[in-house]
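Asks: Attaching a predicted model along with its sequence, questions to come.
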Amino acid sequence: MLNVVVFLPLAAAALLVLPGVTARAAGRIWLAASAADLALVITLWTGYGGGLAYETRVRWIPTAGAGYHVGVDGLSLPLIAMTAVLFLLCAVQSLREPTRPKAYAALFLFLQTVSTGLFAALDLLLFFVFFDLSIVGMYFVIVGWGHGDRARSALTFFLYTFLGSLALLLGFIGLYLAADPHTFDLADLTRRPPDAGAAVLLAIGIGLGVKTPVVPVHTWLPPAHTDAPAAGSAILAGVLLKMGTYGLARIAVPLLPGPWRSYAWLVILIGLVSVLYGALVALAQENLKRLIAYTSVNHMGYVVLALGAAGLAGGPARAKELAVTGAVTQMVSHGLVTGALFLITGVLWDRAGGYALGRYGGIAGRAPVLAWLTAVAAFASLGLPGLSGFIAEFQIFTGVIGSGAVVAGALSVVGILITAALFLRVLQRAFLGEPGELTPRVTDVRPRELAAIAPLLVLSLLIGLAPRPLLDLIEPAARAVVALAGR
Amino acid sequence: MSPSLWLLPALPATAGALLIPVRRAAPALSVATAAATLGLAVHAAVTRPSATARLIFGEGLAVDGLSAVMVVTVAAVGLAVLVFAAGERRSGRFHGLMLIFLGAMLATVTATDLVLLLMGWEVMGAMSYALIGYRWRDREHVRSGAVAFVTTRAGDLGLYVASGAALAGGGGLALAGLPGLPPPWRDLVAGGVVLAALGKSAQGPFAFWLSRAMVGPSPVSAFLHAATMVVAGAYLLMRLHALLAVTGWAAAVVAWTGAVTALLLGLVAVAQRDLKQLLAASTCAQVGFMVLAAGVSAVSGGAAHLVAHAAVKSLLFLAAGAWLAALGTKDLAGLHGAARRFPLVGVVFAVGAAVLAGVPPLSLWVTKDAVLAGVGQPGLRVVAFAAGLVAALYAGKALAEVWRPADTATATGTATGAGAGAGTGTGAGAERRASGGVAGAELLPLPVLALVAAGFGVVGLPAVHGWWSRLVGDPGAPGLTAGELALSGIPALALVTAAIAVRPGTSAFPYAGGVFGRWLGLERVARGVVWGPLLGAARWVAWFDERVVQGAVEAVARAGLGAARLAGSPFEAGLDDLVRRAGGAVRRLGGLARRPQTGQVHTYFAQAVVALVVLAVVFAIVR
């Protein structure tokens, strides 16, 4: 069934390219495929019994030791579910895309297969193929449907992340060569970790670090976000960034436990710098989309920080497990909340065609529902209890400090204070106060937009108030990651 | 175990969330919810239930003696405030947010571990933001809300660190287990808790946010000062007084911060010209006594002071709110004669002010002495005693000003209801539409609060004192002696009398304006020392990011292109040609950004694959 989940969107995309499919029909197919995919993922989740499940292993390139091997566990299933939700809601928001609607739908369906496939992949080459295809897909989304200086942004995005992926491939080859017998199979490699050195970790770290992104290899992110269409930004931030941190948790930590432990302090430092740097730069932004992009750097920094703490020598295992659980929760939470924030910027662009905070003001008067949605999303992003961000970040802070990284943990906490200040500034400048220059053009959300944005926030609220179903799924996997890191 | 305890915070919070879009029925529904919540609180106080659930670790709520006192106080003040607000017919947004605020405070005071405590604690902060900035069209109001949220959250960071330290220390996050942690972690936890509590309670350097918070509607001020937010910090310190005591230093820090805040913010209160600002500063000062009580482990006195203060402060703010609505001003000069014009409000305000002053035999006189009875250190005792006398001064000032006969400065609050300018209060400090009258139902809570405020001193009676001390978990609290009571009561009475009799020529006391009038300049310090540098750092880092980090990336890209071109052009072409080409290359650089648009991604792909293969080969060979 997992294979169906992965390839159903691609099949739908193939259907779209057939001649004779009208734009209306294309929209319906897109929506139906995404909805069916989500339904299948829910079935997967309810039927999941622990461990590695829904495995498929087929020979693919036996001479290279690579196979088509997919499966899910507590690490990947939450992300696959979040991916399905986000793609469906992006479909809802962009159903009436005026420019080349068929190609747009096909591209998103393609990206959905690629993203789901990456999270399900249990083979390094398969992972790499999906990793690279995601870059290609997103390049076309930005260049084809973006705005502003989209060609330049898309090219920067493509070259930067593609170069990163080359480093990743080098690292994978290193893993392959170090393994005995030579193989790309993740499950086999996890069982018997290859005796690879720090150079391999460096290559993999660069590849995944660019994608995450961590400071200082993050500068492709703000222009890509600013010039991408809203749904593209939502997918880029919500799903594609997770590929980096997911790769760290799935590949770097379990396969390279020795080097990871040796350089845990460096990972923690990179995470901490990303947290504070991302928050500070975001505080100084005038452009709403750039601002949200930098908060992504901040939020993904917490994930890196937590995964670094998992590699610390000593410290109670309980605390490290908490940190890793928090990291995975943060990936899900960030996907939902930042997805919602970017869809909200899409509404503003649609109405007024601008992202400059200073040109808005008092939107709450013209568009109260939009203002409420933004307020909830902003508070979710700044980690208010009752919403998903708190559950994630509280576990990360407590776990990181509990693992023994007291100074790094205590400094990273300052990140949520800066995030609070910057989101309140957004509300104050754009949504409250007296109306600004662009405010008269803003009308409230349409039902379709509400149907796209509200479910993300409802899910964030559910996770914030009743996190157990999610945490019960993640915790065994987090325990496994910590155990693998300690080998 | 009784899962129904979850209803206590969940009922007001859920009802509040649902109430936000409601229009007409909101006040009635909110009062009904608050009444039901009070019922639940009383029931919980009697039955003392506990409940657990698993969010992250296994969290729980429980009602012990101290929590029982808190839930009843919080729910009762909540009901009183919402009844008052219902008279003003505020919107569903107002009532909904207030109910969530109430639910968050109830969760905070019943939480048995740091997770749930922090959840209630931070939601309170967010609700205070939304309520202080309730009139959101005024950017200054929104900014005041943001100042409140960001300032208190700066303190809240301490609780995040404390949670991590508790875990690192090997213990759980249960509040009861915190004093038993091993030393370095115990001190870190205590430090975090103290920071969070002082921030929330507007003590010491954090006091300024409470001054900004006064732009919020009066019922919000009443609730915020009397029974939520500000007293949450004092509650947490009292709850964890054993932790403070076991570290040694934390107890001393807390006790001194409380005493010094009581004295200095008391002087700030004396210097205010605005009634709400005076009351706000007096809150800092009075909460200082509770914080002092936690520092010296005088929980019996501190809890009694908290309850009595909750009654008196909600009473005073609601009275001020009634005048603000009727006369359109909260300026003390503008309020001359206000008490005579609205005698019911005037009388209850007088009772409240007398209680605040510590006049015998009213409640704060007794409870403050109960706190002082626990203070052993002479220096600390002197500061706290002086702070008690200052209370008599500011309360006396407020009392005298509103009961003076009307004069030229008085706000008239004439409301004719039609025509431009009509309905606007005139006189000093007029700032909002005046209704010219005080409605009926909204005043219902005032006499009740006045009765409690005046009479709560019964906890000082020997028969009651023992029961109360056992109730709040401080059975060894020393009883009060007549000598001590006389020592504080007689000067208080004298000072209030003096304040009324002096009738200074100007409406404000002579030292208004100076550093005390400006709240010790605390906000300027915070802006100059924290916010300004932070914003400066943000701008600098943003510049660095754009110019240096991104600049380096672009330089690498340019260097790559340049190198490629250099390799492509034959050197035989001569130096002239090279120079010319270099010039041309620079010119073409701009155009290059457009080139890849033509769909040449596949070339990059191809190049990359070639590079990749080469690298892979190199890798394989080197190994």
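Replies: Perfect, I can see it now.

Asks: Residue B:88 versus residue B:121, what's the distance?
Replies: Computed as C-beta to C-beta, to the nearest Å, the residue B:121 to residue B:88 distance reads 28 Å. Bear in mind the C-beta positions are built from the backbone N, C-alpha and C, glycine included.

Asks: quick one: the strands in the stretch 401-550 of chain B?
Replies: Under the criterion DSSP state E, counting those that start in this stretch, the stretch 401-550 of chain B contains no strands.

Asks: Which single residue of chain B ends up nearest chain A?
Replies: As assessed by C-beta to the nearest C-beta, chain A sits closest to residue B:164 within chain B, at 2.4 Å.

Asks: Neighbour count: residue B:121 and residue B:88, which is higher?
Replies: The residue with more neighbours, out of residue B:121 and residue B:88 and counting by other C-beta atoms under 10 Å in any protein chain shown, is residue B:121; that gives 28 against 17.

Asks: for that one, what are its contacts?
Replies: Applying C-beta atoms under 8 Å, 6 or more residues apart in numbering or on different chains, we find residue B:121 in contact with B:104, B:108, B:156, B:159, B:196, B:200, B:232.

Asks: among those residues, who's most crowded?
Replies: The most crowded member of the contacts of residue B:121, judged by other C-beta under 10 Å, is residue B:200 (32 neighbours).

Asks: I figured that one hits residue B:158, correct?
Replies: No: here residue B:200 lies out of contact with residue B:158, judged by C-beta atoms under 8 Å, at a distance of 10.0 Å.

Asks: quick one: the helices in the stretch 51-200 of chain B?
Replies: In the stretch 51-200 of chain B, the segments counted as helices under DSSP state H, counting those that start in this stretch are B:65-87, B:92-110, B:114-132, B:139-168, B:183-200.

Asks: Tell me the helices and strands packed up against the first one.
Replies: Using 3 or more C-beta pairs under 8 Å, 6 or more residues apart in numbering or on different chains; DSSP states H and E as the contact criterion, the elements in contact with helix B:65-87 are helix B:26-47, helix B:92-110, helix B:218-226, helix B:230-239, helix B:299-327, helix B:445-455, helix B:462-471.

Asks: try 6 Å this time
Replies: Helix B:65-87 makes packing contacts with helix B:26-47, helix B:92-110, helix B:218-226, helix B:299-327, helix B:445-455 when contacts are defined by 3 or more C-beta pairs under 6 Å, 6 or more residues apart in numbering or on different chains; DSSP states H and E.

Asks: Take these and write them to JSON lines, including distance to chain A and mean pLDDT.
Replies: As requested, these are arranged in JSON lines below (distance: least, C-beta to the nearest C-beta, whole Å; pLDDT from 0 to 100):
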{"stretch": "helix B:26-47", "distance to chain A": "15", "mean pLDDT": "94"}
{"stretch": "helix B:92-110", "distance to chain A": "9", "mean pLDDT": "95"}
{"stretch": "helix B:218-226", "distance to chain A": "17", "mean pLDDT": "91"}
{"stretch": "helix B:299-327", "distance to chain A": "23", "mean pLDDT": "92"}
{"stretch": "helix B:445-455", "distance to chain A": "29", "mean pLDDT": "92"}
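
Asks: Point out where chain B drops to low pLDDT.
Replies: Counting by pLDDT under 70, chain B has low-confidence residues at B:1, B:89, B:412-439, B:503-513, B:569-583, B:585-611, B:613-623.

Asks: Please repeat the previous calculation with a cut-off of 80.
Replies: Low-confidence segments of chain B (pLDDT under 80): B:1, B:88-90, B:407-442, B:500-514, B:567-623.

Asks: Flag every residue of it that's near chain A.
Replies: Residues of chain B that fall close to chain A, judged by C-beta under 6 Å from any C-beta of the partner chain: B:54-55, B:119, B:122-123, B:126, B:136, B:139, B:142, B:146, B:150, B:153-154, B:157, B:160-161, B:163-164, B:167-168, B:537-539, B:541-542, B:545, B:549-550, B:553, B:593, B:596-597, B:612, B:615-616, B:619, B:623.

Asks: Just the buried residues out of those, in ChimeraX syntax.
Replies: Selection of the buried residues among these in ChimeraX, burial being defined by 16 or more other C-beta atoms under 10 Å in any protein chain shown:
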select /B:55,119,122,123,126,136,139,142,146,150,153,154,157,160,161,163,164,167,168,538,541,542,545,549,550,553,596,615,616,619
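
Asks: got the residues of chain A near chain B?
Replies: Taking C-beta under 6 Å from any C-beta as the criterion, the contact residues of chain A with chain B come out as A:151-152, A:155, A:166, A:170, A:173, A:177, A:216, A:219, A:280-281, A:283-284, A:319, A:384-386, A:397-398, A:401-402, A:409-410, A:413, A:417, A:420-421, A:424, A:428, A:432-433, A:467-468.

Asks: ok and the residue in chain A nearest chain B?
Replies: Among all residues of chain A, residue A:401 sits closest to chain B, at 2.4 Å; criterion: C-beta to the nearest C-beta.
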